[in-house]
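Asker: Next input, structure requested:
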Amino acid sequence: MRTMISARWHPDRIEAYLTERGCSAADIEQIYSHYNLRRTHLLAEYRSRRNLRIVGVLIVVGSIGIPLINSGGTVLVVSLGLIAYGIALAITGSLTVYQP
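Answerer: Sure, this is the predicted structure:
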């Protein structure tokens, strides 16, 4: 359960997994209360990760367009840095992509 929460799975996916493992709806509610969770909190965490991934893709797309406007050397380095950060953001869905 902790792995699913830390991976920010969608609540429907978590419930489907627990149901597949033989848990009833009452058992699922008991698991949520044991971990002091609410379904809305899990859904908000899932949406924030999804939104951060979308922002990462937008950063990559925007940083590709920067050298087209201005072709200076500094602009190219900044653009490459933004591309790397955007890719990492799109993959992880976390703003702290370079923390171990």
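Asker: And the helices in this protein?
Answerer: With DSSP state H, the ranges of helices along the chain come out as 2-6, 11-20, 25-34, 39-69, 73-92.
Asker: Using CSV, write down the CA coordinates of the first one.
Answerer: The one in question is helix 2-6. Coordinates of each C-alpha in helix 2-6 appear next as CSV, following Å, rounded to 0.1, in the frame of the first residue of the first chain:
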residue,chain,number,x,y,z
ARG,A,2,2.8,2.4,0.8
THR,A,3,4.4,1.8,-2.6
MET,A,4,1.1,2.6,-4.3
ILE,A,5,0.7,5.8,-2.3
SER,A,6,4.3,7.0,-2.8
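Asker: Quick one: mean pLDDT over that helix.
Answerer: Here helix 2-6 scores 83 as its mean pLDDT.
Asker: Go ahead and confirm Cys23 touches Ala16.
Answerer: No. Taking Cβ atoms under 8 Å as the definition, Cys23 is not a contact partner of Ala16, at 10.5 Å. Using the backbone N, CA and C atoms, a C-beta is placed for each residue, glycine as well.
Asker: quick one: which of the two has more around it?
Answerer: Between Cys23 and Ala16, Cys23 has the larger neighbour count (other Cβ atoms under 10 Å), namely 15 against 12.
Asker: can you tell me which residues contact the more buried one?
Answerer: Contact partners of Cys23, counting by Cβ atoms under 8 Å, 6 or more residues apart in numbering, are Ile31.
Asker: and it, backbone torsions?
Answerer: The phi/psi pair for Cys23 (degrees, to the nearest 10) reads phi -90, psi 140.
Asker: That one and Ile14, how far apart?
Answerer: 10 Å (Cβ to Cβ, to the nearest Å).
Asker: ok, now Asn36?
Answerer: 15 Å.
Asker: and the two? which has more neighbours close in?
Answerer: Ile14 (21 against 7).
Asker: which residue packs closest to the more buried one, ignoring adjacent ones?
Answerer: Once flanking residues are discounted, Ile14 sits nearest to Met4: 5.1 Å by Cβ to Cβ, 6 or more residues apart in numbering.
Asker: Arg49 too?
Answerer: Gly93 (3.7 Å).
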